[in-house]
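1. quick one, what's the 3D model for this:
(chains A, B, C and D)
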2 protein chains.
Amino acid sequence: MDELDSAIVALLQADARQSNRDIAGKVGIAPSTCLERIRLLRQRGVIRGYHADIDPTALNRSVEALVSAQVRPLSRAVIDTFQRSLLDLPEVLSVYVTAGSDDFLIHVAVPDIDRLHSFLVDRLAIRKEVVAFRSSVIFRHHRKTVLEPLPASE
Amino acid sequence: MDELDSAIVALLQADARQSNRDIAGKVGIAPSTCLERIRLLRQRGVIRGYHADIDPTALNRSVEALVSAQVRPLSRAVIDTFQRSLLDLPEVLSVYVTAGSDDFLIHVAVPDIDRLHSFLVDRLAIRKEVVAFRSSVIFRHHRKTVLEPLPASE
DNA sequence: CTCGGTGCCGAACAACATTCGGCGCGCAGC
DNA sequence: GCTGCGCGCCGAATGTTGTTCGGCACCGAG
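-> Residues are numbered from 1 along each chain as shown, chains lettered A, B, ... in the order given. Now for the predicted structure:
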């Protein structure tokens, strides 16, 4: 993971569909070398995949919310099955298992407020392991597309 | 946004770097037609971009946390400048502006717990508009890569 | 029935990915 | 200091792909 790898990774984060030749040209190496570098980055697990970023509105998901939930008992079995069943729900985008006052944070995207309400009532509140939850509608969301490596210290 | 577009979008979400020919073959249309469809999807803003998914560990960010924050006064000016300055910080991955008991949720990734602490103390607590914050370390995080369109109703 | 528009196809050409042999650099052993 | 080895890079060659464009078929309006 030298400077060249970082540069390649940054370029692929910015635009994963640009050609290998373009990347090679921008970082200043031969296309064949660049291809080999990218192959190794994937193999080492540095690059986990390439995904298109889609506007949720186009997928009939205009309302997004963050739902924090507490489950009891806080056993591995309960956590694992709860997490899995959340990811099976179409409304759920992402699940965080956290320390602190809440155990889960669930990112959901639904067509409208009604569907958010039915998600909370019909999907979450039914589950016996869920002892509490609280939801926050998202007004805005800004996500960094390119993540740079952090320096060791200063 | 018909069935064909949905299929293309699903394929590009799963793997943004597969060839146009492959996508065309899988959805059952000619490569030239597929290319035109993808071009239109980008133009309409359905596809917002293509990004490589990178392992945070490789970028020296082994510790992730969610930090919720309250700011006062809750004016547009304060919200906007606070959001922008958060996104300028290298530790920050993502910023949510939310309704509910908290105004912001900040996703951060840092090398270790010490750097999380210094982020909270040196970056967040200094700001006069921040009246409260609370942070949760993330144990696990699972994000859906492919987001299907939600049906209108049932 | 005719006309115009829209969306799809397939061929053609330029650009690209991918492989592979070889070269040069740096390091270890002598 | 010299020799040999290994690693990583390069560039040419080949098959594959992106991209453009002319034409065709379908559909709806008049």
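
2. please make it C-alpha for all contacts and neighbour counts, starting now.
-> OK.

3. strands along chain A, start to end?
-> A:47-54, A:63-71, A:92-98, A:104-110, A:130-143 (DSSP state E).

4. okay, the last one in CSV with CA atoms only?
-> Meaning strand A:130-143. Below are the C-alpha coordinates for strand A:130-143, written out as CSV (Å, rounded to 0.1, in the frame of the first residue of the first chain):
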residue,chain,number,x,y,z
VAL,A,130,-37.0,-5.1,20.7
VAL,A,131,-37.6,-3.3,24.0
ALA,A,132,-37.3,0.2,22.7
PHE,A,133,-36.8,2.2,19.5
ARG,A,134,-36.7,5.8,18.4
SER,A,135,-36.7,7.1,14.8
SER,A,136,-35.3,10.2,13.2
VAL,A,137,-36.3,11.4,9.7
ILE,A,138,-33.3,12.4,7.6
PHE,A,139,-33.6,15.9,6.1
ARG,A,140,-30.2,15.8,4.4
HIS,A,141,-27.5,13.4,3.9
HIS,A,142,-24.0,14.0,2.5
ARG,A,143,-21.6,11.2,2.1
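
5. so can I have a markdown table of the strands of chain A showing mean pLDDT and distance to B:Ile29?
-> As requested, the strands of chain A are exported to a markdown table (pLDDT from 0 to 100; distance: least, CA to CA, whole Å):
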| stretch | mean pLDDT | distance to B:Ile29 |
| --- | --- | --- |
| strand A:47-54 | 98 | 20 |
| strand A:63-71 | 98 | 33 |
| strand A:92-98 | 98 | 30 |
| strand A:104-110 | 98 | 31 |
| strand A:130-143 | 98 | 34 |
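
6. and those strands: which comes nearest B:Arg123?
-> strand A:130-143 (18.6 Å; CA to CA).

7. so what touches the closest one?
-> A:63-72, A:124, B:93-101 (CA atoms under 8 Å, 6 or more residues apart in numbering or on different chains).

8. each with direction, which strands does it pair with?
-> Strand A:130-143 has the following strand partners under DSSP bridges: strand A:63-71 (antiparallel), strand B:92-98 (antiparallel).

9. what are the buried residues along the shortest one?
-> Counting neighbours by 16 or more other CA atoms under 10 Å in any protein chain shown, one finds that the buried residues in strand B:92-98 are B:Val92, B:Leu93, B:Ser94, B:Val95, B:Tyr96, B:Val97, B:Thr98.

10. quick one, it and strand B:104-110 angle?
-> Relative orientation of strand B:92-98 versus strand B:104-110 (axes from the mean of the first three to the mean of the last three CA atoms, to 10 degrees): 170 degrees.

11. show me what contacts the residue positioned nearest the centre of chain A?
-> Nearest residue to the geometric centre of chain A (CA atoms, centre = their mean): A:Ser94, 6.0 Å. Neighbouring residues of A:Ser94 by CA under 8 Å, 6+ apart: A:Leu87, A:Ile106, A:His107, A:Val108, B:His141, B:His142, B:Arg143, B:Lys144.

12. nearest to DNA strand D among the strands paired with strand A:130-143 would be which one?
-> Comparing these against DNA strand D with CA to the nearest atom of the strand, the closest turns out to be strand B:92-98 (29.2 Å).

13. may I have that closest one exported as PDB, CA atoms only?
-> Written as PDB, here are the backbone C-alpha positions of strand B:92-98 (Å, rounded to 0.1, in the frame of the first residue of the first chain):
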ATOM      1  CA  VAL B  92     -15.800  12.300   8.800                       C
ATOM      2  CA  LEU B  93     -17.300   9.900   6.300                       C
ATOM      3  CA  SER B  94     -20.800  11.000   6.300                       C
ATOM      4  CA  VAL B  95     -23.200  13.600   7.800                       C
ATOM      5  CA  TYR B  96     -26.900  13.200   8.400                       C
ATOM      6  CA  VAL B  97     -29.100  16.200   9.300                       C
ATOM      7  CA  THR B  98     -32.100  14.700  11.200                       C
END
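
14. quick one, phi/psi of the residue in chain A sticking out farthest from the centre?
-> Using CA atoms, centre = their mean, the residue of chain A lying farthest from its centre is A:Ala30. It sits 32.7 Å away. As for A:Ala30, its main-chain torsions (degrees, to the nearest 10) stand at phi -70, psi 150.

15. OK, contacts around it?
-> A:Arg21, A:Ala24.

16. can you do 6 Å?
-> Residues in contact with A:Ala30, defined by CA atoms under 6 Å, 6 or more residues apart in numbering or on different chains, are A:Ala24.

17. about what we covered before: from the strands of chain A, which stretch is densest packed?
-> The highest mean neighbour count among these, using mean count of other CA atoms under 10 Å in any protein chain shown, belongs to strand A:104-110: a mean of 24.

18. direction included, what does it pair against?
-> Checking strand A:104-110 against DSSP bridges gives partners strand A:63-71 (antiparallel), strand A:92-98 (antiparallel).
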